[in-house]
Each structure stands twice: as C-alpha cells, then as structure tokens.
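> I would like the atomic coordinates for the input below:
(one chain, ligands or ions: 1)
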Amino acid sequence: MIEINNLVKTYNKGLDTEVLALQDINLNISDGQFLVIVGANGSGKSTLLNAIAGSVLPTSGEILFDGQAVTKLRDFERSRWIARIFQNPLSGTAPGLSIIDNFRLAALRTKPKGLTVGIDSTFRKLVQEKVSVLGLGLENKPDALMETLSGGQRQALTLLMSTMDECKILLLDEPTAALDPRSADIVMRTADKIIQSLNLTAILVTHNLKEAFTYGNRIIQMAEGRIIKDFDQDCKQQLKQADLFEWFS
Ligand SMILES: Nc1ncnc2c1ncn2[C@@H]1O[C@H](COP(=O)(O)OP(=O)(O)OP(=O)(O)O)[C@@H](O)[C@H]1O
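Residues are numbered from 1 along each chain as shown. Now for the predicted structure:
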C-alpha cells in the first residue's frame, strides 16, 4: 500500500519563480492497484510520480510504503520497492551492450556491491524465457546489441529488466510517448501483463486517453496540483472514452 498524506511541493520557494506544484495531495493506492493519472500540462503529474520515486523531495507531507515512512529516502534508497520506466526508450538500457549483458546488469541492480552475476546456461535460459513473453522474436537474439533494436523493442525489454527483482511498485512515466502506435501497443500490453502476473502496484502517467481508458483499474485527474477526479474500478468501467475527452474540454 502506498499512502500519501498532505503532500505539498513548492518549487523555487520564496523566489519570483515560485510554483506550487502539489497542493495537499492525499492518496492511498492499495496493493495490486493499477492507477492511471491524467491531467493537463503542468498539473503536477510528474511531480507526484517523482515524489513517490524519491527523485523530488516534498516540501511537506509524508509518503509511506506498507506503513514505512519513505518521504526522506532518495530514489536509489527506494530501488528495492520501485521500478521505473521513462518516456525515452534510450534511458533504460545500455546501448553498446547486448540484450543478455543488459539483463546481467539489471540482475545486479539491487544486489549488494561487489556481487557478480555470471552469464551461464541457466541465466541464458531464464532470459530467453522472459524475453519470449514479448512475442517479438528477441529471445533468439540474446547477443544483439541494444542499439540495433527499435525504441519499442527497447522499451519492452526495459520493462522486463526493471521488474526482474522483487520490486512491488512500477512507475510508468509516459512510457509510450516517443513510440509509434504499434510499438506503444506492444509496450502497454507487456506492462499490463507484467503488472498482473507479478501483482504489482502500478502508476501510469499518460496524455494518451485511449491508453488511460484501456488500462488500469483506477483513474485520477489532476489540475493545478490537486486531484480533481478519482474513479475506482467500478466507476472507471462505466466510463466511455468520450467521457475522458470531456474531462479536458
Ligand atoms: N524542477 C522544477 N523547477 C521549477 N518548477 C517546476 C519544476 N518541475 C516542474 N515545475 C513546475 O511545476 C508544475 C507542475 O509540473 P509537472 O511537471 O509536475 O506537471 P505535469 O502534469 O507532469 O506536466 P506535463 O504533462 O507537461 O509533463 C508546473 O508549473 C511546472 O512548470
């Protein structure tokens, strides 16, 4: 469970450029919930996601994971709970390394310093099994360099790699914004499959209303640093795609 209490974020406090990006946000996200966040540019979506990830320090308020206060923990200190996928497919992988080497690095992510992960036949088989889930034929190319793959392929692999450990929370920050519709579809379907099979708590920030409509079991809309709509699974199921467009009119 993610618990957010009275969260406030002010950028550039006391300066002419001061911005109140989050205004007293209260939000509980239960285990296994897949929350979609929509809202106009500048409404505070990324700031909220960054505060949950630990890359933005809130001005006041608190964030708890399973009852444990993490408000002041930095992003690297939260990595055992959190996997994060960004908009840029290039940011999640090492371009000059092969698929299998990227998986090896990913396997080291939350291991203590000094520990190594070798590429033996067991590891190759594990990676092959994981990658075959994508249905992109990449399981037969473990030695292909990451830089030779398309953005969609890289983003789908990033998703697999980032959820290899026992993370509980997956943050998706406009993961398909830089992709063509077919690649975007593959990435979102992969994300959905991973979220369900690992029973992850997930948060998707998106400007794509079709995605917001199709995925997730709860949706909130933000405006000017506040949550102005909050629809649970039942209410979301009643929504039509046209209703979502209405929210922005
Ligand atoms: N590092 C920063 N320094 C100063 N102001 C910031 C910073 N990051 C965001 N802001 C401001 O905070 C407000 C909320 O921004 P945020 O990026 O969270 O919104 P958003 O809903 O994610 O927008 P978008 O959809 O455009 O990504 C905006 O007014 C923005 O200009």
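
> what is the end-to-end distance of stretch 152-170?
End-to-end distance of stretch 152-170 (C-alpha to C-alpha, to the nearest Å): 18 Å.

> what do you get for stretch 43-57?
18 Å.

> contacts for it, please.
2, 4, 7, 9, 21-22, 25, 37-39, 58, 63, 70, 72-78, 82, 84, 169, 171, 173, 203, 205, 222-226 (C-beta atoms under 8 Å, 6 or more residues apart in numbering). (Glycine included, C-beta is placed from N, CA and C.)

> just those: which are in strands?
2, 4, 7, 9, 21-22, 25, 37-39, 63, 82, 84, 169, 171, 173, 203, 205, 222-223, 226 (DSSP state E).

> dump the lengthiest helix in the chain to CSV, keeping only the CA atoms.
Secondary structure of the chain read by DSSP state H shows that its longest helix is helix 181-197. Coordinates of the C-alpha atoms in helix 181-197 are reproduced here as CSV (Å, rounded to 0.1, in the frame of the first residue of the first chain):
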residue,chain,number,x,y,z
PRO,A,181,1.2,3.2,-32.3
ARG,A,182,2.2,-0.4,-32.8
SER,A,183,5.2,-0.3,-30.6
ALA,A,184,3.2,1.7,-28.0
ASP,A,185,0.6,-1.1,-28.1
ILE,A,186,3.2,-3.8,-27.5
VAL,A,187,4.8,-1.9,-24.6
MET,A,188,1.4,-1.2,-22.9
ARG,A,189,0.2,-4.8,-23.3
THR,A,190,3.6,-6.1,-21.9
ALA,A,191,3.3,-3.7,-19.0
ASP,A,192,-0.2,-4.8,-18.3
LYS,A,193,0.8,-8.5,-18.4
ILE,A,194,3.7,-7.9,-16.1
ILE,A,195,1.6,-5.9,-13.6
GLN,A,196,-1.0,-8.6,-13.5
SER,A,197,1.4,-11.6,-13.4
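
> what are the buried residues along it?
183-188, 190-192, 194-195 (16 or more other C-beta atoms under 10 Å).

> let's have these in a markdown table, adding pLDDT and distance to residue 92.
Listed next are the buried residues of helix 181-197 as a markdown table, based on pLDDT from 0 to 100; distance: C-beta to C-beta, whole Å:
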| residue | pLDDT | distance to residue 92 |
| --- | --- | --- |
| 183 | 87 | 14 |
| 184 | 91 | 15 |
| 185 | 91 | 18 |
| 186 | 88 | 15 |
| 187 | 90 | 11 |
| 188 | 94 | 15 |
| 190 | 90 | 13 |
| 191 | 93 | 13 |
| 192 | 94 | 18 |
| 194 | 90 | 14 |
| 195 | 94 | 17 |
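
> does residue 64 touch residue 7 like I think?
No - with contact defined as C-beta atoms under 8 Å, residue 64 and residue 7 do not form a contacting pair (11.1 Å).

> looking at those two, which one has more neighbours?
Taking residue 64 and residue 7 together and counting by other C-beta atoms under 10 Å, residue 7 has the greater number of neighbours (24 against 15).

> which bits of the chain sit near the ligand?
11-12, 19, 21, 39, 41-47 (C-beta under 6 Å from any ligand atom).

> returning to what we had before: buried among the contacts of stretch 43-57? Make that a PyMOL selection.
Selection of buried members from those for PyMOL, criterion 16+ other C-beta under 10 Å:
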select buried, resi 2+4+7+9+21+22+25+37+38+39+58+63+70+73+78+82+84+169+171+173+203+205+222+225
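
> returning to that earlier point: now the angle from the longest helix of the chain to strand 169-173?
160 degrees (axes from the mean of the first three to the mean of the last three C-alpha atoms, to 10 degrees).

> contact partners for residue 13?
residue 59.

> mind checking how far it is from residue 43?
20 Å (C-beta to C-beta, to the nearest Å).

> please apply the same query to residue 198.
29 Å.

> now swap in residue 153 and tell me
From residue 153 over to residue 43 (counting by C-beta to C-beta), the distance is 31 Å.
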